[in-house]
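1. Compute the structure for the input listed below.
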Amino acid sequence: MNRKNSKVFILHEIYGVNNFIRQQALAFMDEHTDVECIHLYSDKKSFSYAQEKEAYLYFTNEIGFDAPLEILVKKLRAALQQYEKVIVIGFSVGATIAWRLSTLPLYRVVCVYGSRIRQFLDLQPKCPTLILLPSQEESFNIQDLRHALNHKQFVQTIQFPGKHGFMDRHNTSFHHESAMQAQTYIKNFL
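-> As a prediction, this is how the structure comes out:
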(Lines give C-alpha, C1' and ligand atoms only; values in the text may rest on other atoms or scores of the structure.)
Protein backbone atom coordinates (compact mmCIF):
# COMPACT_ATOMS: atom_id res chain seq x y z
CA MET A 1 0.00 0.00 0.00
CA ASN A 2 1.34 3.42 -0.98
CA ARG A 3 1.58 5.91 1.85
CA LYS A 4 0.41 9.38 0.94
CA ASN A 5 3.31 11.74 1.43
CA SER A 6 1.81 15.10 0.43
CA LYS A 7 -1.03 17.22 1.71
CA VAL A 8 -2.32 20.21 -0.22
CA PHE A 9 -4.53 22.81 1.44
CA ILE A 10 -6.48 25.07 -0.91
CA LEU A 11 -7.67 28.47 0.33
CA HIS A 12 -10.55 30.04 -1.57
CA GLU A 13 -11.37 33.49 -2.88
CA ILE A 14 -14.05 35.73 -1.35
CA TYR A 15 -16.71 33.54 -2.99
CA GLY A 16 -16.05 30.55 -0.73
CA VAL A 17 -15.50 26.95 -1.82
CA ASN A 18 -17.12 26.93 -5.24
CA ASN A 19 -16.76 24.92 -8.46
CA PHE A 20 -13.45 26.56 -9.35
CA ILE A 21 -11.91 25.72 -5.96
CA ARG A 22 -13.24 22.13 -6.14
CA GLN A 23 -11.75 21.81 -9.65
CA GLN A 24 -8.41 23.02 -8.31
CA ALA A 25 -8.58 20.37 -5.59
CA LEU A 26 -9.10 17.66 -8.22
CA ALA A 27 -6.18 19.01 -10.27
CA PHE A 28 -3.73 18.35 -7.43
CA MET A 29 -5.14 15.09 -6.08
CA ASP A 30 -3.38 11.82 -6.88
CA GLU A 31 -2.52 8.50 -5.22
CA HIS A 32 0.26 10.16 -3.19
CA THR A 33 -1.50 13.42 -2.35
CA ASP A 34 -4.41 14.35 -0.10
CA VAL A 35 -6.12 17.65 -0.90
CA GLU A 36 -8.35 19.66 1.42
CA CYS A 37 -10.34 22.76 0.52
CA ILE A 38 -10.36 24.99 3.57
CA HIS A 39 -13.60 26.83 4.33
CA LEU A 40 -12.54 30.24 5.61
CA TYR A 41 -16.22 30.83 6.42
CA SER A 42 -17.25 28.85 9.49
CA ASP A 43 -20.79 28.47 8.13
CA LYS A 44 -19.33 27.16 4.81
CA LYS A 45 -21.09 30.05 3.08
CA SER A 46 -20.49 30.63 -0.60
CA PHE A 47 -21.40 33.45 -2.95
CA SER A 48 -22.15 33.64 -6.65
CA TYR A 49 -19.96 35.83 -8.86
CA ALA A 50 -22.91 38.25 -9.14
CA GLN A 51 -22.62 38.75 -5.35
CA GLU A 52 -19.02 40.03 -5.53
CA LYS A 53 -19.68 43.17 -3.43
CA GLU A 54 -21.62 41.20 -0.81
CA ALA A 55 -18.87 38.53 -0.70
CA TYR A 56 -16.17 41.18 -0.32
CA LEU A 57 -18.04 42.88 2.54
CA TYR A 58 -18.68 39.54 4.23
CA PHE A 59 -15.01 38.58 4.05
CA THR A 60 -13.84 42.02 5.17
CA ASN A 61 -16.33 42.47 8.02
CA GLU A 62 -16.79 38.89 9.26
CA ILE A 63 -13.49 37.11 8.52
CA GLY A 64 -10.51 39.30 7.63
CA PHE A 65 -6.90 38.22 7.21
CA ASP A 66 -6.18 37.54 10.90
CA ALA A 67 -9.02 35.33 12.18
CA PRO A 68 -8.26 32.25 10.00
CA LEU A 69 -4.54 32.22 10.83
CA GLU A 70 -4.68 30.58 14.25
CA ILE A 71 -6.90 27.72 13.06
CA LEU A 72 -4.85 27.24 9.89
CA VAL A 73 -1.52 27.24 11.74
CA LYS A 74 -2.83 24.42 14.00
CA LYS A 75 -4.08 22.48 10.97
CA LEU A 76 -0.77 22.91 9.15
CA ARG A 77 1.32 21.96 12.19
CA ALA A 78 -0.74 18.77 12.57
CA ALA A 79 -0.26 17.99 8.86
CA LEU A 80 3.51 18.55 9.20
CA GLN A 81 3.53 15.67 11.71
CA GLN A 82 1.77 13.33 9.27
CA TYR A 83 3.07 14.23 5.80
CA GLU A 84 6.51 14.72 4.26
CA LYS A 85 5.29 17.62 2.14
CA VAL A 86 2.68 20.17 3.20
CA ILE A 87 1.62 22.66 0.54
CA VAL A 88 -0.73 25.65 0.65
CA ILE A 89 -2.31 27.07 -2.50
CA GLY A 90 -4.39 30.22 -2.13
CA PHE A 91 -6.46 32.29 -4.52
CA SER A 92 -7.10 36.03 -4.02
CA VAL A 93 -7.86 36.53 -0.29
CA GLY A 94 -6.77 32.92 0.20
CA ALA A 95 -3.47 33.82 -1.49
CA THR A 96 -2.86 36.62 1.00
CA ILE A 97 -3.53 34.22 3.86
CA ALA A 98 -1.25 31.64 2.20
CA TRP A 99 1.47 34.32 2.00
CA ARG A 100 1.15 34.88 5.73
CA LEU A 101 1.46 31.12 6.32
CA SER A 102 4.69 30.95 4.29
CA THR A 103 6.60 31.71 7.50
CA LEU A 104 5.93 28.09 8.55
CA PRO A 105 8.30 25.28 7.51
CA LEU A 106 6.08 24.15 4.65
CA TYR A 107 7.20 22.42 1.47
CA ARG A 108 5.72 25.01 -0.90
CA VAL A 109 3.28 27.93 -0.91
CA VAL A 110 1.49 29.19 -4.02
CA CYS A 111 -0.31 32.54 -4.02
CA VAL A 112 -2.54 33.27 -7.03
CA TYR A 113 -3.57 36.91 -7.48
CA GLY A 114 -3.18 37.80 -3.82
CA SER A 115 -3.43 41.55 -4.23
CA ARG A 116 -3.46 42.20 -0.47
CA ILE A 117 -0.01 40.64 -0.08
CA ARG A 118 1.10 44.25 -0.46
CA GLN A 119 -0.17 44.88 3.09
CA PHE A 120 2.22 42.25 4.50
CA LEU A 121 5.51 42.96 2.76
CA ASP A 122 7.45 42.89 6.05
CA LEU A 123 7.01 39.12 6.10
CA GLN A 124 9.87 36.78 5.06
CA PRO A 125 8.84 33.32 3.80
CA LYS A 126 10.67 30.28 5.17
CA CYS A 127 9.77 28.05 2.22
CA PRO A 128 9.72 28.33 -1.57
CA THR A 129 6.84 30.63 -2.42
CA LEU A 130 5.41 31.19 -5.89
CA ILE A 131 3.30 34.29 -6.51
CA LEU A 132 1.24 34.45 -9.70
CA LEU A 133 -0.05 37.89 -10.62
CA PRO A 134 -2.24 39.22 -13.42
CA SER A 135 -1.00 41.86 -15.84
CA GLN A 136 -3.89 44.15 -14.84
CA GLU A 137 -5.02 45.16 -11.36
CA GLU A 138 -7.24 48.15 -10.69
CA SER A 139 -6.35 48.75 -7.07
CA PHE A 140 -2.55 48.94 -7.05
CA ASN A 141 0.68 48.95 -9.11
CA ILE A 142 1.65 45.34 -9.82
CA GLN A 143 5.21 46.25 -10.80
CA ASP A 144 5.83 47.87 -7.42
CA LEU A 145 4.61 44.71 -5.69
CA ARG A 146 6.76 42.47 -7.90
CA HIS A 147 9.79 44.66 -7.24
CA ALA A 148 9.26 44.43 -3.46
CA LEU A 149 8.75 40.65 -3.58
CA ASN A 150 11.60 39.80 -5.95
CA HIS A 151 14.12 40.96 -3.35
CA LYS A 152 12.93 38.34 -0.87
CA GLN A 153 14.61 34.98 -0.40
CA PHE A 154 12.50 31.96 -1.48
CA VAL A 155 10.06 34.14 -3.47
CA GLN A 156 9.40 33.88 -7.18
CA THR A 157 6.82 36.06 -8.95
CA ILE A 158 5.34 35.51 -12.38
CA GLN A 159 2.90 37.70 -14.23
CA PHE A 160 0.29 36.41 -16.68
CA PRO A 161 -1.83 38.30 -19.20
CA GLY A 162 -5.26 39.02 -17.78
CA LYS A 163 -7.09 40.40 -14.79
CA HIS A 164 -7.65 39.27 -11.21
CA GLY A 165 -9.49 35.94 -11.57
CA PHE A 166 -7.80 34.89 -14.83
CA MET A 167 -7.52 31.21 -13.80
CA ASP A 168 -11.20 30.72 -13.03
CA ARG A 169 -13.17 29.59 -16.09
CA HIS A 170 -16.43 30.58 -14.32
CA ASN A 171 -15.23 34.18 -13.80
CA THR A 172 -15.71 36.94 -16.40
CA SER A 173 -11.95 37.66 -16.08
CA PHE A 174 -11.04 34.14 -17.25
CA HIS A 175 -8.08 34.08 -19.66
CA HIS A 176 -7.77 30.60 -21.17
CA GLU A 177 -4.11 30.72 -22.23
CA SER A 178 -2.95 32.31 -18.97
CA ALA A 179 -4.98 29.80 -16.94
CA MET A 180 -3.38 26.85 -18.75
CA GLN A 181 0.13 28.29 -18.39
CA ALA A 182 -0.40 29.13 -14.71
CA GLN A 183 -1.73 25.64 -13.94
CA THR A 184 1.33 24.10 -15.60
CA TYR A 185 3.64 26.47 -13.77
CA ILE A 186 2.10 25.59 -10.40
CA LYS A 187 2.39 21.85 -11.05
CA ASN A 188 6.05 22.24 -12.07
CA PHE A 189 6.76 24.34 -8.97
CA LEU A 190 5.26 21.67 -6.73
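2. From here on, just use CA atoms for contacts and neighbour counts.
-> Noted.
3. which residues of this protein fall in strands?
-> Taking DSSP state E, the strands of the chain run over residues 6-11, 33-38, 85-91, 108-112, 129-136, 155-163.
4. of all those, which lies closest to R22?
-> Set against R22 and scored by Cα to Cα, the strands of the chain come closest in strand 33-38, at 7.3 Å.
5. If you count neighbours, what's buried in that closest one?
-> 33-35, 37-38 (16 or more other Cα atoms under 10 Å).
6. repeat for stretch 69-87
-> Neighbour counts using 16+ other Cα under 10 Å place 69, 72, 76, 79-80, 85-87 of stretch 69-87 among the buried residues.
7. how about the strands of the chain in JSON lines, adding mean pLDDT and distance to N19?
-> Shown next, in JSON lines, are the strands of the chain (pLDDT from 0 to 100; distance: least, Cα to Cα, whole Å):
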{"stretch": "strand 6-11", "mean pLDDT": "98", "distance to N19": "13"}
{"stretch": "strand 33-38", "mean pLDDT": "96", "distance to N19": "11"}
{"stretch": "strand 85-91", "mean pLDDT": "98", "distance to N19": "13"}
{"stretch": "strand 108-112", "mean pLDDT": "98", "distance to N19": "17"}
{"stretch": "strand 129-136", "mean pLDDT": "97", "distance to N19": "20"}
{"stretch": "strand 155-163", "mean pLDDT": "97", "distance to N19": "19"}
